[in-house]
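A.B. asks: Could you look at this predicted model? Sequence included:
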Amino acid sequence: MKRILVVDGLGGGIGTELISRLRDVRETPGVELIALATNAVALERMLKAGATRGAAGENAIRVVSREADIIVGPIGVIIADSMMGEITAAMASAVLSSPAERILLPLQNEHITFAGFEGIPLSRMIEKAAEIVHERLR
């Protein structure tokens with residue numbers, strides 16, 4: 001079974017868009033699209049968008065990340081205290097230490113700047129992340 005994890009927090013908007021773009025992978029035999037959220041609101045939105053199943057909270061992210069093949073989400077999921085403090089050091093560490101390939105959206109925020117990064121619209125980043133996941137599943 002291939003497990004694709006979509007990790008998000010706050011309101012789950014990015015995770016919801018990613019899952020919407022990846023919803024078709026649920027039709028691929030042996031592929032599971034799992035929503036992992038930092039809170040119940042984000043989880044609910046991602047489940048409604050079409051995740052196979054999901055869970056919220058630090059422990060869920062720590063446990064499920066160990067079994068993932070691909071993890072998709074904003075870059076904040078690997079930075080402790082990002083997303084307004086929702087990402088704990090344990091969550092960031094779990095995502096970083098997972099054997100999964102990580103496909104991360106390079107979203108800049110007030111305390112992180114990517115030198116040399118040409119900002120592209122979020123919608124294009126999400127589209128590109130979905131393309132990469134589809135490519136990896138071929």
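C.D. replies: Cool, the structure landed.

A.B. asks: After the helix or strand encompassing Ala94, which helix or strand is next?
C.D. replies: Assigned by DSSP states H and E, Ala94 belongs to helix 89-97. Next in sequence after helix 89-97, counting helices and strands by DSSP H and E, comes strand 101-105.

A.B. asks: List the contacts of Glu101.
C.D. replies: Glu101 is in contact with 69-71, 136, counting by CB atoms under 8 Å, 6 or more residues apart in numbering. Any C-beta I mention is one placed from the backbone N, CA and C, and that applies to glycine too.

A.B. asks: Okay, buried residues for the host helix or strand of Val41 please.
C.D. replies: Of the helices and strands defined by DSSP H and E, Val41 is found in helix 40-49. For helix 40-49, burial by neighbour count (16 or more other CB atoms under 10 Å) applies to 42-47, 49.

A.B. asks: now do stretch 15-27
C.D. replies: Those buried within stretch 15-27 under the rule 16+ other CB under 10 Å are 15-19, 21-22, 25.

A.B. asks: ditto for stretch 104-112
C.D. replies: So for stretch 104-112, counting by 16+ other CB under 10 Å, buried means 104-105, 107.
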